[in-house]
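1. coords please:
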Amino acid sequence: MSNAIRTTFDSSTYNVLLKEGYLRKLFDNTQREAKVYHKELYHVHTTKDNWVLDQRMAGLNDWQELVEGQSIPAQKPVMGGQKKYTQRRFGTGFRMTDWMLKFNKHGLWNRWAKDLRKVMEEEWDIELHIPFNSPTSASLTCGTGFDSLALGHDTHTGLATGTGDNYDNLLSADLSFSALESVRYYFKTLKDDLGMLMGGTPSLLVIQPALYPTAKEIMGSTYKPHELSNTTNIFEDYLKIYEDPRLTSTTTWFVLDKEKHDMNVFVSYQPDFVTQDAPDTSRDRICTSQMYGTYGWGDPRGVYVGNT
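-> Just a heads-up that it's a prediction; the model follows:
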């Protein structure tokens, strides 16, 4: 951390930070509370382990009609893949010269120490949105799920023999009335890992803010929108709308079953904040912060990716 904040950190004109009464105030709109949106999208867990491991397994399934004297067949569970969540380390900080520390008149050390807390929270929030901003990528740092496919995919696989357990949680369509029909059908007919009906309960429509008018038009009217008819709008108040400005594409939307989705965050150490003297004779002061956490998913079927 050699880039120390000096009295001339942004050209020589800014030595006015050292003069009493020269500035009425410092206008800095980055001094604010952290904006965090991921908590509606994940199950957040704490752990003290370097990694945690989830194992995919499917239980008993089939039966058959038996003739007289026939032995009852015995079944056994089916084992699938694993999902390993390994802790990752994130951090940042700043260094201030002794001169700047002693002579600035605006409490800049305390200002930026407070700002560091906001940076840690918001950068973690941005990191956790990567799977939702790139739902069709299978090369993310967080990895993939049990079936080694992207979060949104048209041929997710289960553990049964054949393709009867495959499912498609990727629509690739604009948000519309007909798209919500696809959402409803997907969750109503959702299959488990052996291809048997398990169903789901969609509860949260997550949208990029540009889609808010569309979402309200679809789910906020008593009658079917954009029609001159008395057709009842079956999707009135169907889902809770959640605007997420961390989504980067203006067409992105997806639906979560908040009980069945398997999007996970594991944090072993929350951001800490350490102040120390520089390891030399400059008498500079250093403030650093770090955290340990990871995220990802095992089973993606609780997330329906509408559009990217």
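
2. now name the helix or strand holding Ser182.
-> helix 177-188 (DSSP states H and E).

3. which residues are contacting that helix?
-> For helix 177-188, contacts defined as Cβ atoms under 8 Å, 6 or more residues apart in numbering pick out 168-169, 171, 173, 199-202, 218-219, 224-226, 235, 238-239, 255, 257, 304, 306. For every residue, glycine as well, the C-beta is placed using N, CA and C.

4. ok, of those, which come out buried?
-> The neighbour-count test (16 or more other Cβ atoms under 10 Å) marks 169, 171, 200, 202, 218-219, 224-225, 235, 238-239, 255, 257, 304, 306 as buried among the contacts of helix 177-188.

5. now, the residues you listed that are in helices?
-> Applying DSSP state H to those, the entries found in helices are Ile218, Met219.

6. among the buried ones among the contacts of helix 177-188, which lie within strands?
-> Using DSSP state E, the subset of the buried ones among the contacts of helix 177-188 located in strands is Val255, Tyr304, Gly306.

7. residues in contact with the second one?
-> I take that to be Tyr304. Contacts of Tyr304 by Cβ under 8 Å, 6+ apart are Asn169, Leu171, Val183, Tyr186, Phe187, Pro202, Phe254, Val255, Leu256.

8. can you show me the helices along this protein?
-> 98-103, 108-128, 130-133, 177-188, 212-219.

9. is it true that Pro209 touches Glu243?
-> Yes. If you go by Cβ atoms under 8 Å, Pro209 and Glu243 touch, sitting 4.9 Å apart.

10. which one of these two is surrounded by more residues?
-> The neighbour count for Pro209 versus Glu243, taken as other Cβ atoms under 10 Å, is higher for Glu243 (15 against 12).

11. so what's that one bridging to?
-> Taking DSSP bridges as the rule, Glu243 bridges to Ile207.

12. Leu256 reaches Val206, doesn't it?
-> Yes. With contact defined as Cβ under 8 Å, Leu256 counts as touching Val206 (6.6 Å).
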